[in-house]
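Undergrad: what's the 3D shape of this:
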Amino acid sequence: MREGASVFKPSDASPIQLVRFPRANERLPLLGLSVFLVFLFLRPADLFPVLTPLRPVLVILVLTVLLFIMNRGRGQRILLMPYSTGQYLVSFLGVMLLSIPFSYWPGGSFTNATEFMKEVAVFILVVNIAASLSALARLTRMIIFCNVVLALMAVKDYLTGNLLHRGRIEGLGGLFNDPNDLAVCFVMVLPLIYWRLQSHPAPKERFLLIGAMMLAVGGVIATQSRGGFLGLVAVAGLILMRSRRKVAVFFLAAALGIVVVLVSPQGAFDRFSTIANYQGEENAQIRLAMWRAGLHMFADHPILGVGTGVFSIAYGEDYRDPEFPYNTWWTAHNTLIQVMAELGLAGLLVWIGLVISGFSILKKARQRLASAARDSVILEALELNSALSVSFVGFLVSSLFLSKAYDWILIILLAMITASFRMTEGRLPEPARAVGTRFAGDPSPVSGPDFPAKAGAPWRRNPGD
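TA: Residues are numbered from 1 along each chain as shown. This is a model prediction of the structure:
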């Protein structure tokens, strides 16, 4: 960023060439990505078993790849390892493959690595197809929609008493067959919902978004996930800190909190209290045992670990804690320990590099946007940048209590983060003027020293404040 420039202080920098709409040849692949997200999150095959043998998620992914290749414009470059995030992601896959011959269960590690290849493919597709503000907004809307459906299904289970996991709500299976996974999904989507609220939608959509936010917050509490609760606290705190409308956000958070307390399952907050007072809670003690076992695995296999995806196998065979002999096939319940144990020092360094590269990409994109001539779309992009950064922090905080090293949510977040940077490297010169979009409402060109007052500036503070 130019010296003296800030997010809300106009600079004399030349406007960036922000990609605002997808090319015509990218629209069909973008539709394929949207359908893929629906099948990934909502798993229609679980509701309609006849679809299961067809493997719809894989089929849609392959079709999207074909659409992308067939519709690629002349001279349009395909980024196979886009930016530092893509390079670290491919390197992480390489470490996973290297760990297979030394794994406790080579077959299981091979399966885990091949599943991760799909995630890498989706990452590459998103960065190549959704590198415009309009495309990212479409994917964001689809993710919000899927989370609302998940939350409604969870509420139905709660009201009907269909709590399948020790009194805790679950998702539809697949990605979310565990309450913790469902909680992380809700944590990730909250900043994206808030971003949509700041886009000045129509009153009806605004009402629906507030409802979606209430469902997501209530969903985190109803899962009784301690990792999810920590992520929720982190997300709420960051939104409050970064918002210029602190009073409005505070009252919104208070209202959500009251509703959540009134409808929370019995014992949920007793479970959350064990985060600080863990000594007398058996589940917390078991997690500490898992962490100790993971550190022992790392000490015994420091280079490439016990093999990708087989922490539970190694624990059950050789590292079981004698205090809890009945717990045989448990996971690490901490992402860093999971990576250390399963992939050793090589995997740990690459995974940390992947996380750092995500924050670095966010910072570079923010600096480019902050130096641009302001209009409603640049402001929209700045707010999306902040929303993605808060979602990323929420995911990472939640991962301190959960095993999320190879998680789809992580890959989708990193893909959107990387695409949000790529859209600042516009392919066609565009004049510095207000451009209306389907998600930003009417154009509202704003600039000058009173820019914050005109734009509302709801999301990010002036660093000099």
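Undergrad: Can you tell me which helices and strands the strand or helix carrying Ala212 packs against?
TA: Assigned by DSSP states H and E, Ala212 falls within helix 203-223. Judged by 3 or more CB pairs under 8 Å, 6 or more residues apart in numbering; DSSP states H and E, helix 203-223 is in contact with helix 133-160, helix 179-197, helix 226-242, helix 246-263. (Glycine included, C-beta is placed from N, CA and C.)
Undergrad: how about the CA coordinates for it, as CSV?
TA: Only the C-alpha atoms of helix 203-223 are listed here, as CSV (Å, rounded to 0.1, in the frame of the first residue of the first chain):
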residue,chain,number,x,y,z
PRO,A,203,-35.6,-5.4,3.0
LYS,A,204,-37.0,-8.9,2.3
GLU,A,205,-33.5,-10.3,1.7
ARG,A,206,-32.2,-8.4,4.8
PHE,A,207,-34.8,-10.1,6.9
LEU,A,208,-33.9,-13.5,5.5
LEU,A,209,-30.2,-12.9,6.1
ILE,A,210,-30.8,-12.0,9.8
GLY,A,211,-32.8,-15.2,10.1
ALA,A,212,-30.0,-17.1,8.5
MET,A,213,-27.6,-15.6,11.0
MET,A,214,-29.8,-16.6,13.9
LEU,A,215,-30.0,-20.2,12.5
ALA,A,216,-26.2,-20.4,12.2
VAL,A,217,-25.5,-19.1,15.7
GLY,A,218,-28.2,-21.3,17.2
GLY,A,219,-26.8,-24.2,15.2
VAL,A,220,-23.4,-23.8,16.7
ILE,A,221,-24.8,-23.9,20.2
ALA,A,222,-27.1,-26.8,19.5
THR,A,223,-24.1,-28.9,18.2
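Undergrad: Start at 95, not 1
TA: Understood, numbering begins at 95; the last thing we discussed is helix 297-317.
Undergrad: Can you point out the buried residues in it?
TA: 302-303, 306-317 (16 or more other CB atoms under 10 Å).
Undergrad: mind checking how far the most centrally placed residue in the chain is from Leu482?
TA: The residue lying closest to the centre of the chain (CA atoms, centre = their mean) is Leu507, at 3.9 Å. To Leu482, Leu507 is 7 Å away according to CB to CB, to the nearest Å.
Undergrad: isn't Leu227 right next to Ala513, touching?
TA: No: Leu227 is not in contact with Ala513 according to CB atoms under 8 Å; the separation is 9.8 Å.
Undergrad: thinking again about what came up before, what mean pLDDT does the helix holding Ala306 have?
TA: Confidence for helix 297-317, expressed as mean pLDDT, is 83.
Undergrad: so how far is that helix from its chain's centroid?
TA: 17 Å (CA atoms, centre = their mean, to the nearest Å).
Undergrad: Spell out, range by range, the strands that occur in the stretch 95-244 of the chain.
TA: For the stretch 95-244 of the chain, applying DSSP state E, counting those that start in this stretch gives no strands.
Undergrad: Can you give me the buried ones in the longest helix along the chain?
TA: For the chain, the helix that runs over the most residues, judged by DSSP state H, is helix 429-464. Neighbour counts over helix 429-464 (16+ other CB under 10 Å) mark 429-445, 447-449, 451-452, 454-456, 459-460, 462-464 as buried.
Undergrad: Next secondary structure element downstream of that helix?
TA: Remark: after helix 429-464, the chain's next helix or strand is helix 470-492, criterion DSSP H and E.
Undergrad: between the following helix or strand past that next one and helix 227-254, how big is the angle?
TA: Toward the C-terminal end, the helix or strand that comes next after helix 470-492 (DSSP H and E) is helix 502-516. Calculated by axes from the mean of the first three to the mean of the last three CA atoms, to 10 degrees, helix 502-516 forms an angle of 160 degrees with helix 227-254.
Undergrad: Which strands and helices lie in contact with helix 502-516?
TA: Using 3+ CB pairs under 8 Å, 6+ apart, helix 502-516 is in contact with helix 177-193, helix 200-223, helix 227-254, helix 273-291, helix 429-464, helix 470-492.
Undergrad: I'd like to know which of those helices is closest to Ile154.
TA: For Ile154, the closest of the helices and strands packed on helix 502-516 is helix 200-223, at 10.6 Å, according to CB to CB.
Undergrad: Go through that closest one and flag the buried ones.
TA: Going by neighbour count (16+ other CB under 10 Å), the buried part of helix 200-223 is 202-204, 206-207, 210, 213-214, 216-223.
Undergrad: before we move on, the earlier item: distance to Glu411 added to the helices and strands packed on helix 502-516, as TSV?
TA: Formatted as TSV, those follow (distance: least, CB to CB, whole Å):
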stretch	distance to Glu411
helix 177-193	17
helix 200-223	12
helix 227-254	35
helix 273-291	24
helix 429-464	13
helix 470-492	29
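Undergrad: between those helices, which one is nearest to Val400?
TA: helix 429-464 (5.9 Å).
Undergrad: Pull the distance from that closest one to the chain's centre.
TA: 14 Å.
Undergrad: One more: stretch 122-138?
TA: With CA atoms, centre = their mean, you get 16 Å for stretch 122-138.
Undergrad: And for that stretch, what's in contact with it?
TA: 116, 139, 145, 150-151, 154-155, 157-158, 161-162, 165, 216, 219-220, 223-224, 229, 232-233, 236-237, 240-241, 243-244, 266-270, 279, 502, 506 (CB atoms under 8 Å, 6 or more residues apart in numbering).
Undergrad: So among these, which ones count as buried?
TA: 116, 139, 145, 150-151, 154-155, 158, 161-162, 165, 216, 219-220, 223-224, 229, 232-233, 236-237, 240-241, 244, 266, 268-270, 279, 502, 506.
Undergrad: farthest residue from the center of this protein?
TA: Furthest out from the centre of the chain (CA atoms, centre = their mean) sits Pro416, at 36.5 Å.
Undergrad: Confirm that residue sits in a helix?
TA: No: counting by DSSP: H, G, I helix; E, B strand; the rest coil, Pro416 falls outside a helix, being coil.
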